[in-house]
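Enquirer: just a sequence and a predicted model for now, questions to come.
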Amino acid sequence: MTEFLEVALSFPPIVFSFGLIAVFLYWIVVILGALDVDIVDFGTDGDAEVEAGGSFWSAFGFGAVPITVVLSLWITLGWIVTVLGTTWVRSTDMVIPAAVTGAATLVAGIGVGMLGAKLLSAPLSRIFADAPATSHRDLIGKACVVRTGTVTTDSGQAELAEEDGTVHLINVRRSVHEPEGIDDELFSRHSKLVIFDYDESAKVFLVIPVEM
């Protein structure tokens, strides 16, 4: 364990190690429902546009996958490559300066990480692609089931299954204007809620319990 930590905190793995910690913490927060998966967005307007018509990020071939997912894959794969590369270099009797092998391993980590993220983003783009026949407003009035520990005015996620088998994992919130006296247990995990509005500014669905 000590040897592993020494490798992870050495150059070049350390370049990705702190990023990996940030990725881990980010996905924990997403699972808890406090952040959206696509919270980081370069957009497609302004200086980010390229001549081909897509966003700056999609110019690298990452398609419709949220930037946070791509970065998570890139950092994770880069960390794995640099850790394995550093471990292999240390196990050999190379006479090449450590700075040179370290730089080469870092470049390999960045390159392989980006290539791996690009290859994995192709199948993942089908998951994150918006269904053309479904808009946010189409989901108003439908029932969903809480998937996080609870739903509050600040966080929460729920699953909505449509008749055609389509399943949406959506960010939901309690309304700050809801009537007083509603039991918090009605918003706990596995509780059934009804979507009554969509907040365009916060990009979340507002929900109330099916039974109050």
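Expert: Received it, and whenever you're ready, just let me know what you need.

Enquirer: when you work out contacts or count neighbours from here on, use the C-alpha atoms and nothing else.
Expert: Will do.

Enquirer: got the domain ranges for this protein?
Expert: Using automatic domain parsing, the domain parsing of the chain gives 2-128, 136-209.

Enquirer: as CSV, those domains with mean neighbour count would be great.
Expert: Output for those, formatted as CSV (neighbours: other Cα atoms under 10 Å):
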stretch, mean neighbour count
domain 2-128, 17
domain 136-209, 17
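
Enquirer: which of the ones you listed has the lowest mean pLDDT?
Expert: Within the domains of the chain, confidence is poorest for domain 2-128, with a mean of 76 (mean pLDDT).

Enquirer: state the helix or strand in which residue 107 lies.
Expert: helix 98-128 (DSSP states H and E).

Enquirer: ranges for the strands of this structure?
Expert: With DSSP state E as the criterion, the chain has strands at 143-146, 157-161, 167-174, 192-199, 204-209.

Enquirer: which of these sits closest to residue 74?
Expert: Nearest to residue 74, of all these, is strand 167-174, at 23.8 Å by Cα to Cα.

Enquirer: picking up where we left off before, just tell me which of the strands of the chain ends up closest to residue 67.
Expert: Using Cα to Cα as the measure, strand 167-174 is the one of the strands of the chain that comes nearest residue 67, at 17.9 Å.

Enquirer: the closest one pairs with which strands, and in what direction?
Expert: strand 157-161 (antiparallel), strand 204-209 (parallel) (DSSP bridges).

Enquirer: if we look at the shortest one, which residues are touching it?
Expert: The reference is to strand 157-161. 32-33, 142-148, 151, 167-173 (Cα atoms under 8 Å, 6 or more residues apart in numbering).

Enquirer: before we move on, back to that, the strands paired with strand 167-174: which one's closest to residue 11?
Expert: Short answer: strand 157-161, nearest of those by Cα to Cα, at 38.6 Å.

Enquirer: hey, C-alpha coordinates of that closest one in PDB?
Expert: C-alpha atoms of strand 157-161 as PDB (Å, rounded to 0.1, in the frame of the first residue of the first chain):
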ATOM      1  CA  GLN A 157     -33.100  12.900  -8.500                       C
ATOM      2  CA  ALA A 158     -35.900  10.700  -9.600                       C
ATOM      3  CA  GLU A 159     -36.500   8.100 -12.300                       C
ATOM      4  CA  LEU A 160     -39.400   8.400 -14.700                       C
ATOM      5  CA  ALA A 161     -40.400   5.400 -16.800                       C
END
